[in-house]
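Student: Any chance you could fold what I've pasted below:
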Amino acid sequence: MFKKYIKSILPNNIVFHIGKNLNKPGAAMNLLKSAVDGLNHKEFIYPGYQPSYLDENIISVHFYHNLCFVYKGTNKEPSNYLVRNEIP
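Tutor: Take a look at the predicted model:
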């Protein structure tokens with residue numbers, strides 16, 4: 001049942017085994033690495049940046065050997081410096 005749930009929330013083209021190509025498009029690890037980048041989306045100096053669903057709804061990601069935990073929550077805290085992804 002858990003496997004069906006995971007497949008239902010991930011894109012159809014997700015790949016769990018990537019072999020030697022660590023940057024393979026559609027790989028699960030690349031999706032998780034982009035989730036880490038999105039944690040700080042309010043700090044991107046990118047005027048007009050539109051955060052993704054993952055950017056706004058993941059509050060932490062923890063990686064371990066063969067295991068990853070993704071914690072959901074509201075990630076809409078404003079930047080300490082930027083305004084709408086621009087330097088004031």
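
Student: Do a quick rundown of the strands in the protein.
Tutor: According to DSSP state E, the chain carries its strands in the segments 58-64, 67-72.

Student: Could you identify which of those is most buried?
Tutor: Among those, the stretch with the highest mean neighbour count (mean count of other Cβ atoms under 10 Å) is strand 58-64, at a mean of 13. For the C-beta atoms, the positions are set from N, CA and C on the backbone; glycine is no exception.

Student: how near is the closest residue to residue 79 other than its chain neighbours to residue 77?
Tutor: Distances taken as Cβ to Cβ, 6 or more residues apart in numbering put residue 42 closest to residue 79, at 4.2 Å, once the chain neighbours are dropped. Distance of residue 42 to residue 77, given as Cβ to Cβ, to the nearest Å: 7 Å.

Student: for residue 30, same thing?
Tutor: 25 Å.

Student: cool, and residue 48?
Tutor: Counting by Cβ to Cβ, the separation of residue 48 from residue 77 is 20 Å.

Student: Quick one, which of the strands of the chain gets closest to residue 88.
Tutor: strand 58-64 (25.6 Å; Cβ to Cβ).

Student: angle of that closest one against strand 67-72?
Tutor: Using axes from the mean of the first three to the mean of the last three Cα atoms, to 10 degrees, the direction of strand 58-64 lies 170 degrees away from that of strand 67-72.

Student: Since that was my last question, I'll sign off now.
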